[in-house]
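Visitor: Fold the stuff below for me.
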Amino acid sequence: MAITTADLHELAGKIKSWGVELGFQQVGITDLDLSKHEKALQQWLDKKYHGSMEYMERHGMLRARPQELHPGSVRAICVRMDYLPKGARFAEVLSDDRKAYVSRYALGRDYHKVMRKRLKQLGDRIQAYCNEELTGANPDFRPFVDSAPILERPLAEKAGLGWTGKHTLLLDADDGSWFFLGELLINLPLPTDQAQPEQCGKCTACITICPTNAIVEPYLLDARRCISYLTIEHDGAIPEEFRRPMGNRIYGCDDCQLVCPWNRYATPTPEADFLPRHPLHAPDLLALWAWDEETFLTETQGSPIRRIGFERWQRNLAVAMGNSAPEPELITALQESRAAASEVVREHIDWALTELARKQREGHSANQQVKRLVRIIEKGLPRDA
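Guide: Here you go, the predicted model:
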């Protein structure tokens with residue numbers, strides 16, 4: 001028996017209910033036509049804004065053609081899972097240069113594993129329901145969570161999960177941008193949802209606050225300048241022009257989200273898997289610097305941080321230590337580690353020691369950009385800022 005339009009509408013409603021039961025805060029459905037994004041994607045690649053992420057260029061326009069990733073698919077079921085932890089302690093950690101700041105999405109368990117498992121369970125529910133109730137449906141699906149070349153934000157935008165902000169992240173009017181995205185490509189012609197209207201208005205807070213001016217114009221990010229890219233994706237030496245602006249950020253950066261007025265409405269996550277791990281919530285730089293590789297692998301097991309490897313971890317820490325106050329214990333720790341460090345890490349240790357020596361001569365002053373950011377965090381921004 002052929003599946004009817006009414007059947008598909010009923011199934012779409014059940015899919016959204018099942019998604020919420022599985023822990024997703026929002027579920028939307030869209031077609032797979034992303035052709036209007038191909039020109040902008042090619043221009044972004046031509047400008048080399050992807051930096052050393054060669055896989056972005058290697059896959060090219062495949063990112064805008066999700067139907068080629070799973071032939072037969074005609075819809076994407078897009079989901080959102082909030083990750084903002086309670087008691088995130090943004091201001092406390094960012095304003096204390098003796099501590100290390102880890103982007104709040106990485107404080108808990110690796111979201112890739114959490115979301116992919118839930119998406120697979122959602123697909124299984126769809127399949128089981130169709131086998132029992134809609135025998136003509138024959139669903140075929142494939143889950144994605146950063147696991148293949150796909151433009152997930154444009155898909156989520158089309159599915160009604162939010163609009164793309166000027167910082168290029170997805171924003172929702174009720175919950176801001178502190179959430180992960182995932183997709184389930186499926187071969188069923190389910191009814192689609194409507195996109196939200198763009199609501200950034202004249203606000204440019206994210207562009208203004210970016211420490212490295214990575215948002216080169218509204219809705220356009222030069223990844224090569226982004227602290228998240230530099231601390232996570234970039235291999236080798238971090239360009240010197242970006243080391244001071246990094247401050248104490250050792251893994252990722254949340255600044256553009258922290259100043260966004262819409263994030264005043266964000267809801268802390270109910271997901272236990274995303275709650276902070278104690279060693280990474282507000283860690284001392286010296287304590288992290290004392291880790292050897294075995295400790296690093298143990299403490300980051302099940303965390304997205306592990307994938308950057310120990311060398312990048314030490315590289316990032318060395319920069320943060322160079323941006324700290326010139327405390328004798330910190331200088332000694334860097335000096336004692338220098339001989340055994342890799343060439344890349346040694347370069348950053350030398351930079352850090354030079355910076356700390358300069359501060360000893362000239363006096364250590366607080367980072368004004370960070371002070372401004374902290375004031376914004378503590379005070380909050382009006383909705384129309």
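
Visitor: Quick check, residue 290 in contact with residue 336.
Guide: No - Residue 290 is beyond contact range of residue 336, at 10.5 Å (criterion: CB atoms under 8 Å). Where C-beta positions appear, they are placed from N, C-alpha and C, glycine not excepted.

Visitor: where does the stretch 1-150 of the chain dip in pLDDT?
Guide: 1 (pLDDT under 70).

Visitor: Tell me where it has helices.
Guide: Here the stretch 1-150 of the chain has its helices, by DSSP state H, counting those that start in this stretch, at 5-21, 38-46, 54-59, 90-94, 111-133.

Visitor: Which one of those lies nearest to residue 167?
Guide: helix 38-46 (14.9 Å; CB to CB).

Visitor: what's near enough to touch residue 273?
Guide: 108-109, 111, 114 (CB atoms under 8 Å, 6 or more residues apart in numbering).

Visitor: can I assume it sits in a strand?
Guide: No - using DSSP: H, G, I helix; E, B strand; the rest coil, the secondary structure at residue 273 is helix, not a strand.

Visitor: Relative to residue 281, how far out is the residue nearest to it when sequence neighbours are not counted?
Guide: Spatial nearest neighbour of residue 273, chain neighbours left out: residue 109 (4.2 Å); criterion: CB to CB, 6 or more residues apart in numbering. Look at residue 109 and residue 281: by CB to CB, to the nearest Å, they are 14 Å apart.

Visitor: what do you get for residue 270?
Guide: 18 Å.

Visitor: More neighbours: which of the two?
Guide: Using other CB atoms under 10 Å as the criterion, residue 270 and residue 281 rank with residue 281 on top: 19 against 11.

Visitor: my guess is that one contacts residue 107, does it?
Guide: Yes - with contact defined as CB under 8 Å, residue 281 and residue 107 form a contacting pair (6.2 Å).

Visitor: on that earlier part again, so which of the helices of the stretch 1-150 of the chain is nearest residue 211?
Guide: Here helix 90-94 is closest among those (CB to CB), at 10.8 Å.

Visitor: for the closest one, packing partners?
Guide: Contacts defined by 3 or more CB pairs under 8 Å, 6 or more residues apart in numbering; DSSP states H and E place helix 90-94 against helix 368-379.

Visitor: rewinding a little: may I see the contacts of residue 273 organised as a markdown table, with neighbour count added?
Guide: Output for those, formatted as a markdown table (neighbours: other CB atoms under 10 Å):
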| residue | neighbour count |
| --- | --- |
| 108 | 23 |
| 109 | 18 |
| 111 | 22 |
| 114 | 21 |
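
Visitor: Of the residues you listed, which is the nearest to residue 218?
Guide: residue 111 (27.2 Å).

Visitor: Identify each buried residue in the helix or strand harbouring residue 334, please.
Guide: Assigned by DSSP states H and E, residue 334 falls within helix 328-338. Under the neighbour-count criterion of 16 or more other CB atoms under 10 Å, helix 328-338 has 330-331, 333-334, 337 buried.

Visitor: Give me the contacts around stretch 120-135.
Guide: Residues contacting stretch 120-135 (CB under 8 Å, 6+ apart): 1, 3, 7, 11, 14-15, 18-19, 22, 77, 79, 137-139, 141-143, 184, 186, 188.

Visitor: That should have said stretch 227-243, apologies.
Guide: With CB under 8 Å, 6+ apart, stretch 227-243 has contacts from 51-53, 103, 211-212, 214, 223, 225, 245-246, 249-253, 255, 308, 312, 315-316, 319, 322-323, 344, 347-348, 351.
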